[in-house]
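# Sequence below, structure please.
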Amino acid sequence: MRVFKFGGASIKDAAALQNMQQIIKQFGQGQPLLVVVSAMGKTTNALEVILQNFWEGDVYEPLIEELKTFHLNIVKTLFRDKTHDVYTDIETHFEALTKSLVRTTQTIFNELYDQIVSFGELFSAITVTHTLRAQGLDVSWQDARLLIQTDNNWREGEVNWQATQAQIDTLLLPLLPNKIVITQGFIGGTTDHKTTTLGREGSDYSAAIFAHCLHAESQTIWKDVAGVLNADPKRRKDAQLFAQLSYHEAAEMTYYGASVIHPKTIAPLRQHNIPLYVKSFVYPQKQGTCINGVQAHKFVPAVMYKEKQVWVRWTQNEFSFLTEGQASDILKQCHEAQVHVYAMHREAFALYICTDHRPEKLDKVVKATKKGFTLVVEEGVELLTIKGADEAYINAITENSPKLWEAKQGNWYQAVLRITQ
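Below you'll find the predicted structure:
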């Protein structure tokens, strides 16, 4: 039993879908296969704009038509017969999208976000299922909203593992011996049948949930890069491929900004010692990266940038030292508001944290902790984390970067950098 995950770039157009077919035929035959798909191309971004325009009372209808045209153009390339069921299915789901854009006095934005943005994965699953069937593959689509069960923590649904296992055992497991099963990444559902999402770019995590519950032999993520690199190739032309990483190393890298894998992906796989392969859909025959429980003999320096951060400072208004209780209370408020702290620095009179630029969450912390403090939130920063590098390597990377803060401990280096244009 294997799990394949295809992201938006790997199914962005008709040619990409045809390439996906070849990968499945070449590497996915011979044993049960679950295929987890993301929204196609930049569909999620487009749906976010549609929702924002609707919410703010701006024009959004032409954007829906534009998105529908994008999907229908792909379908027209693959299916010349205009009476094919795929056309009806796409039209039906776009009608459902329009009808879902409803706002009342009780409407919560984040809840509506999950209902609307999840349509991207629905469009994708429909198109992929019909495309693979047209190639003679025996394919079934199982809706992830019925399989992955979560709470109603909109936009970052927490998985109910017991309920999810039961649903997968009942609805998914019986299909796998005889069919290739398609399902959606990124989304789940509540017990009262409302759609939830698992966090932006969460399809990797979805695939790991399925792999965990199915006790899969392996999970493979098909990307537009060769595998996991030690640095972003757009920033570092000397980026090197990791042939192998341990679960621990991979989890650290994703936490501090390595975007090739969603941060939550590793833990479910590690629990059952399921290897994760990150491979290129452009060159599928190449080895890629294997992430498993084996520590690599040689670890080249890893360079991670966490973008879209803020540097927050609490300074005592009175000339008194910051107590452990005050620091603890600030961190407790961060935890309750789901404000993740990626770097922290404490001084005699002040506490600093580096966190995501999520104003709707950070505002809750600011309101709860502002009494007795002067707060400064500095935007336009990013967090640089380097593991396993010497001073010369660190200096070469940071020499032209304005630093708000930096620290080195053991083989770890971190700096909050001001972004310059």
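# what's G372 in contact with, if anything?
Going by Cβ atoms under 8 Å, 6 or more residues apart in numbering, G372 touches 316-318, 326. Backbone N, C-alpha and C define where each C-beta goes, glycine included.
# Work out for me the element the residue lying farthest from the centre of the chain sits within.
Residue farthest from the centre of the chain, counting by Cα atoms, centre = their mean, is F319 at 43.5 Å. Using DSSP states H and E, F319 falls within no helix or strand.
# Please report how far it lies from T98.
60 Å (Cβ to Cβ, to the nearest Å).
# just L362 next, same as before
33 Å.
# before we move on, what about A208?
Going from A208 to T98 by Cβ to Cβ gives 33 Å.
# Compare neighbour counts for the two and give me the winner.
A208 (29 against 15; other Cβ atoms under 10 Å).
# okay but the more buried one is in contact with L269, surely?
Yes - shown here, A208 and L269 form a contact pair, counting by Cβ atoms under 8 Å, at 5.3 Å.
# okay, and the common contacts of these two?
Common neighbours of A208 and L269, using Cβ under 8 Å, 6+ apart, are 219, 276.
# Nearest to I74 among the contacts of G372?
Of all the contacts of G372, I74 sits closest to Q326, with 55.5 Å by Cβ to Cβ.
# Could you say which helix or strand holds that closest one?
helix 324-336.
# What is that helix packed up against?
In terms of contacts (3 or more Cβ pairs under 8 Å, 6 or more residues apart in numbering; DSSP states H and E), helix 324-336 is packed against strand 350-356, helix 359-369.
# Pick the most deeply packed of the ones you listed.
Among the helices and strands packed on helix 324-336, strand 350-356 has the highest mean neighbour count (mean count of other Cβ atoms under 10 Å), at a mean of 21.
# Please work out the average pLDDT along that one.
Taken as a whole, strand 350-356 carries a mean pLDDT of 98.
# what's the answer for stretch 217-232, then?
95.
# tell me which residues of it are tucked away?
218-223, 225-232 (16 or more other Cβ atoms under 10 Å).
# Let's have these in a markdown table, adding secondary structure and distance to Q149.
Formatted as a markdown table, the buried residues of stretch 217-232 follow (DSSP: H, G, I helix; E, B strand; the rest coil; distance: Cβ to Cβ, whole Å):
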| residue | secondary structure | distance to Q149 |
| --- | --- | --- |
| S218 | strand | 24 |
| Q219 | strand | 20 |
| T220 | strand | 25 |
| I221 | strand | 23 |
| W222 | strand | 26 |
| K223 | strand | 28 |
| V225 | coil | 32 |
| A226 | coil | 35 |
| G227 | coil | 32 |
| V228 | coil | 30 |
| L229 | strand | 35 |
| N230 | coil | 37 |
| A231 | coil | 37 |
| D232 | coil | 35 |
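# Output those residues in JSON lines; the columns should cover distance to L375.
Formatted as JSON lines, the buried residues of stretch 217-232 follow (distance: Cβ to Cβ, whole Å):
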{"residue": "S218", "distance to L375": "47"}
{"residue": "Q219", "distance to L375": "42"}
{"residue": "T220", "distance to L375": "45"}
{"residue": "I221", "distance to L375": "40"}
{"residue": "W222", "distance to L375": "44"}
{"residue": "K223", "distance to L375": "40"}
{"residue": "V225", "distance to L375": "39"}
{"residue": "A226", "distance to L375": "43"}
{"residue": "G227", "distance to L375": "42"}
{"residue": "V228", "distance to L375": "37"}
{"residue": "L229", "distance to L375": "37"}
{"residue": "N230", "distance to L375": "36"}
{"residue": "A231", "distance to L375": "34"}
{"residue": "D232", "distance to L375": "31"}
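# out of the residues you listed, which one sits closest to H212?
Compare each of these with H212 using Cβ to Cβ and the shortest gap goes to Q219, at 9.1 Å.
# Correct me if wrong: that closest one contacts L33.
No - applying Cβ under 8 Å as the test, Q219 and L33 come out as separate, 11.3 Å apart.
# shaky segments in the chain?
The chain contains residues with pLDDT under 70 at 297-298, 421.
# what domains does the record give for it?
The chain breaks down by automatic domain parsing into domains covering 2-223, 302-418.
# Now the terminal residues of the first one, how far apart.
It refers to domain 2-223. 17 Å (Cα to Cα, to the nearest Å).
# Any idea how many residues pack against T196?
27.
# Regarding it, what is its secondary structure?
strand (DSSP: H, G, I helix; E, B strand; the rest coil).
# Which phi and psi values does the residue nearest the centre of the chain adopt?
The centroid of the chain falls nearest to E201 when counting by Cα atoms, centre = their mean (2.2 Å). E201 adopts backbone torsions of phi 60, psi 30, taken as degrees, to the nearest 10.
# could you measure it against P32, distance?
26 Å.
# From the rest of the structure, what touches stretch 21-37?
By Cβ under 8 Å, 6+ apart, stretch 21-37 touches 1-6, 11, 121, 124-125, 128, 131-132, 135, 137, 144, 172, 176-177, 180-185, 203, 206-207, 210, 214, 216-217, 220, 222, 281, 284.
# So which of the residues you listed are in helices?
121, 124-125, 128, 131-132, 144, 203, 206-207, 210, 214 (DSSP state H).
# what's the helix or strand for A348?
Residue-wise, A348 maps onto no helix or strand under DSSP H and E.
# sorry, back to before: now the buried members of the contacts of stretch 21-37.
The buried subset of the contacts of stretch 21-37 - by 16+ other Cβ under 10 Å - is 1-6, 11, 121, 124-125, 128, 131-132, 137, 144, 172, 176, 180-185, 203, 206-207, 210, 214, 216, 220, 222, 281, 284.
# Stretch 252-264: how far from the chain's middle?
Stretch 252-264 has its C-alpha centroid displaced from the chain centroid by 9 Å (Cα atoms, centre = their mean, to the nearest Å).
# cool, stretch 132-150 as well?
Centroid separation for stretch 132-150 versus its chain: 20 Å, with Cα atoms, centre = their mean.
# Which stretches in the stretch 251-400 of the chain count as strands?
276-280, 289-292, 302-316, 343-346, 350-356, 373-387 (DSSP state E, counting those that start in this stretch).
# which residues does V117 contact?
Contact partners of V117, counting by Cβ under 8 Å, 6+ apart, are 44, 47-48, 51, 197.
# Tabulate those residues (JSON lines), appending secondary structure and distance to Y256.
As requested, the contacts of V117 are exported to JSON lines (three-state DSSP; distance: Cβ to Cβ, whole Å):
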{"residue": "T44", "secondary structure": "helix", "distance to Y256": "23"}
{"residue": "L47", "secondary structure": "helix", "distance to Y256": "28"}
{"residue": "E48", "secondary structure": "helix", "distance to Y256": "25"}
{"residue": "L51", "secondary structure": "helix", "distance to Y256": "30"}
{"residue": "T197", "secondary structure": "strand", "distance to Y256": "23"}
